[in-house]
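Enquirer: Kindly return the folded structure for what I paste below:
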Amino acid sequence: MAKINVGEKMENFVFDTPYKRGMDLETIVGGKRTGLLFSRYYGCSLCRYDMIQLKEQYDKITATGGQVVFVLQSDPDLLARNFTETEYPFWVIADPEQKIYQALSIDPATSIKDAIDEKALKKIQAAKKLGLQHGEYEGNEDQLPAAFVVEPDLTVAYAHYAKTAGDIPDVDEFAALLAKKGCCCCK
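Expert: Residues are numbered from 1 along each chain as shown. Predicted coordinates for the structure are as follows:
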């Protein structure tokens, strides 16, 4: 499939979360401007670092009136064994078969070595300082991240397909994107 662009409607995907089965994107969006952050999988220490940063600074997201949803290539049951339903203040979507990644053409890097940039290296160091270690392997090891902002009607206001593992908006950038009305920008 083709990459989704600003102004297009995102499909109302059906998926599982660690604690709810058969959810759909429209229900989770729930009338709010929503950021979707596609990462690798829960065992990835860099991905967990991003989740922790989002959790610790989530008030910046809610201050915009919006929300962020974190998408992982993890099994929902594995996620449920690793964190409680209330541990994260945002939805976590489980896409172990990578159906949503494929539908949105979120491609992997040619190799993980090509995906590591300075920003990713800094995050890896920060994750190590927090004591995060690599956990169970799942999904596509070479998967690149992606970030989107959708309006309540699922119209894409921002679309960014990362070129490296560190090439995603941080919490402050996501909050700024959610605070904007209309088209954010297209990358």
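Enquirer: Please, which helix or strand holds the spatially most central residue of the chain?
Expert: Nearest to the geometric centre of the chain sits residue 37, at 2.0 Å (C-alpha atoms, centre = their mean). For residue 37, the element it lies in under DSSP states H and E is strand 34-38.
Enquirer: Please identify the pairing partners of that strand and their relative orientation?
Expert: Strands adjacent to strand 34-38 in the sheet, as given by DSSP bridges, are strand 67-72 (parallel), strand 146-150 (antiparallel).
Enquirer: So for it, what gets flagged as buried?
Expert: 34, 35, 36, 37, 38 (16 or more other C-beta atoms under 10 Å). For glycine as for every other residue, the C-beta is placed from the backbone atoms N, C-alpha and C.
Enquirer: Also stretch 76-85?
Expert: 76, 78, 79, 80.
Enquirer: ok, now which ones touch residue 24?
Expert: By C-beta atoms under 8 Å, 6 or more residues apart in numbering, the contact set of residue 24 is 12, 13, 14, 15.
Enquirer: tell me which residues form a beta bridge with the residue lying closest to residue 91 once chain neighbours are set aside?
Expert: With C-beta to C-beta, 6 or more residues apart in numbering as the criterion, residue 91 has its nearest non-adjacent residue at 4.5 Å, and that residue is residue 69. Counting by DSSP bridges, residue 69 is bridged to residue 36, residue 91.
Enquirer: What's the separation between residue 69 and residue 119?
Expert: Computed as C-beta to C-beta, to the nearest Å, the residue 69 to residue 119 distance reads 22 Å.
Enquirer: So which of these two has more stuff around it?
Expert: Taking neighbours as other C-beta atoms under 10 Å, residue 69 and residue 119 compare with residue 69 leading, 19 against 14.
Enquirer: Contacts only, for that one.
Expert: Taking C-beta under 8 Å, 6+ apart, we find residue 69 in contact with 28, 34, 35, 36, 37, 90, 91, 92, 93.
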